[in-house]
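J.: Model the following, please.
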Amino acid sequence: MTINIDKGVPVPPVTYQTRRLYPFEEMQPGDSFFVQTKDAAERIRKRQSVAAAAKKFRKDSEPNTLRFTTRQVRNGVRCWRIE
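T.: Predicted coordinates:
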């Protein structure tokens, strides 16, 4: 098997599925959103998912000084924009 190296092939734009899932763009400091979950196991997974999405959104945003925090709360997960 031979693998060729190509030059000058543009990188396709990033699609931001997380921006469609969670309202990070619209949030101001002090705002939060709630994601309802069915049980404790789903709460753990959802908190990890929201936290990872917030981290990626922060990394990709300009300026990347936005800060978010997540917490497991009764019946779900809540994410706050703290800066």
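
J.: Is the one residue sitting closest to the centre of the chain in a helix, a strand, or coil?
T.: Ranked by distance to the mean C-alpha position of the chain (Cα atoms, centre = their mean), the top residue is A53 at 1.4 Å. Counting by DSSP: H, G, I helix; E, B strand; the rest coil, the backbone at A53 sits in helix.

J.: so what pLDDT did it get?
T.: Looking at A53, its pLDDT stands at 92.

J.: go on, the one 5 residues further on?
T.: Here, the pLDDT recorded for R58 equals 88.

J.: Look at it and give its secondary structure.
T.: For R58, the assignment made with three-state DSSP gives helix.

J.: Quick one: residues contacting it.
T.: Going by Cβ atoms under 8 Å, 6 or more residues apart in numbering, R58 touches 64, 66-68. Yep, even glycine has a C-beta here, placed from its N, CA and C like the rest.

J.: 7 Å - rerun?
T.: With contact taken as Cβ atoms under 7 Å, 6 or more residues apart in numbering, R58 is in contact with 64, 66, 68.
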